[in-house]
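**Student:** Sequence and predicted structure are below.
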Amino acid sequence: MRKKQWYETLFENYAEKYDKECFTQGTIGECDFLEKELNFDKSLKIIDIGCGTGRHAIELSKRGYSVTGIDLSESMLARAQEKALKNNLKINFLKCDARNLPFNQEFDVAIMLCEGAFPLMETDEMNYEILKNVSRVLKSKAKFIFTTLNGLFPLYHSIGDFHTQNAKEDDVAYDRKHFDLMTFRDYSITTVIDDHGVVKKLECNERYYVPSEITWLLKTLGFSKIEIFGAKLGAFSREDKLTPEDYEMLVIAER
């Protein structure tokens, strides 16, 4: 039997806690930005990759957009479906691996926010498979908007200090092992308490990317226009030039 990866274990029975985390509180502002990027065109078909509890998919659906949400976690998807039903919304939520999406040139827009799938994979090749699949499910003229970890940040700051400052009391504890400059991977021990009160100690491994890497990866997949900005929680803006102070980067790619 295949061993579960840390991100699979993390998101088992974690949906309610996830919705209360500080980093999930910017949904309204982020969707305001997405609407502007889409020119308020409600005819566009959107796929939300790594949709989690469906916060962006649900908000966009409330605003009249057609959204399909995919995620690897059954418990996260169950909560997403529950929230959609409470809001009388019909959203297609599917359990899928982002490295093997069951679509082909069906969507006008892909969003992948708050480290939805990418860049949590164990290897660079797996992360690249996610980008390849996103490219494949998009139509010939399409837009891809996502956030990912900014590799400039750990070069100038302590990731451990950042997580300590932003952790909620009794919810998450972060113990940094080391950041590998050769691979730009951060190895850490994260302790969380899930929705059932179970304490989980996870050996995490996340990949940080520098802007030139993201640009090159997307160009190999046929995206011709790639723009990268700083990603401020709940306040995405084209006015935010990416700096080493930004923990995440916002990527907008078109073809």
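**Tutor:** Arrived safely, thanks for sending.
**Student:** all helices for the stretch 51-200 of the chain, in order.
**Tutor:** Per DSSP state H, counting those that start in this stretch, the stretch 51-200 of the chain carries helices over the ranges 55-62, 74-86, 124-137, 152-156, 159-166.
**Student:** Out of those helices, which gets nearest to Leu181?
**Tutor:** Using C-beta to C-beta as the measure, helix 152-156 is the one of the helices of the stretch 51-200 of the chain that comes nearest Leu181, at 8.3 Å. Quick note: C-beta positions are derived from backbone N, CA and C, even for glycine.
**Student:** quick one: contacts of that closest one?
**Tutor:** Contacts with helix 152-156, where a contact means C-beta atoms under 8 Å, 6 or more residues apart in numbering, come from 159, 162, 179, 184, 186, 208, 210-211, 242-247.
**Student:** With respect to Lys219, which of the helices of the stretch 51-200 of the chain lies nearest?
**Tutor:** Among the helices of the stretch 51-200 of the chain, helix 124-137 comes nearest to Lys219, with 11.0 Å by C-beta to C-beta.
**Student:** For that closest one, name the packing helices and strands.
**Tutor:** If contacts are counted by 3 or more C-beta pairs under 8 Å, 6 or more residues apart in numbering; DSSP states H and E, helix 124-137 sits against strand 45-49, strand 107-112, helix 211-220.
**Student:** strands paired with the second one, and their directions?
**Tutor:** Read it as strand 107-112. With DSSP bridges as the test, strand 107-112 is paired with strand 45-49 (parallel), strand 138-149 (parallel).
**Student:** who's in contact with that strand?
**Tutor:** By C-beta under 8 Å, 6+ apart, strand 107-112 touches 34, 38, 44-50, 56, 68, 98, 118, 130, 134, 137-139, 141-147.
**Student:** quick revisit: which of the helices of the stretch 51-200 of the chain is buried the deepest?
**Tutor:** Ranked by mean neighbour count, those are led by helix 55-62 with a mean of 23 (mean count of other C-beta atoms under 10 Å).
**Student:** what about that one, distance to the chain center?
**Tutor:** 15 Å (C-alpha atoms, centre = their mean, to the nearest Å).
**Student:** what angle sits between that helix and strand 107-112?
**Tutor:** 140 degrees (axes from the mean of the first three to the mean of the last three C-alpha atoms, to 10 degrees).
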